[in-house]
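K.L.:
Predicted model follows, preceded by the sequence.
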Amino acid sequence: IHNFAAALDGPVQTSYRAELKAVVHVLRQVANPTLVMFDCHSVVTTPNKVLEDKQLPDNLRENYLWEQILELTENVDHTLVGIQ
């Protein structure tokens, strides 16, 4: 978790995908409820809705990453918040 860096796989490199990959990384490393803070508004609003509903919307971008996030949060109560 501390100062981790990795290449972003795939042909399209976006900050949105990078933030989602970071969420997946953090959630894989923690076992306790965790507060995760972001500066990307859509990475905050979407997961909170996904975590609340426990299902993925039909029009969600980067579905494979969201599926991992949903699976990793299934049994632990994580909170994702945005910062400004």
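P.N.:
Good, I have the coordinates. Remember, it's a predicted structure, so these values are computed and weren't measured experimentally.

K.L.:
measure the residue most central in space within the chain to Y64 for me?
P.N.:
Central residue of the chain (C-alpha atoms, centre = their mean): V23, 3.6 Å from the mean position. Distance of V23 to Y64, given as C-beta to C-beta, to the nearest Å: 13 Å. To be clear about C-beta, it is placed using only N, CA and C from the backbone, and glycine gets the same treatment.

K.L.:
still on that earlier bit, measure the residue nearest to the centre of the chain to Q29 for me?
P.N.:
For V23, the distance to Q29 - C-beta to C-beta - is 11 Å.

K.L.:
How about L20?
P.N.:
Taking C-beta to C-beta, one finds L20 at 15 Å from Q29.

K.L.:
Settle it for me: which of the two has more neighbours?
P.N.:
L20 (25 against 12; other C-beta atoms under 10 Å).

K.L.:
Please enumerate the helices of the protein.
P.N.:
Taking DSSP state H to define them, one finds helices in the chain at 15-29, 41-53, 63-72.

K.L.:
what's the closest non-adjacent residue to L8?
P.N.:
Closest residue in space to L8, ignoring its immediate chain neighbours: A18 at 5.4 Å, by C-beta to C-beta, 6 or more residues apart in numbering.

K.L.:
Help me confirm that that neighbour comes into contact with D9.
P.N.:
No. Counting by C-beta atoms under 8 Å, A18 does not reach D9; the two are 10.7 Å apart.
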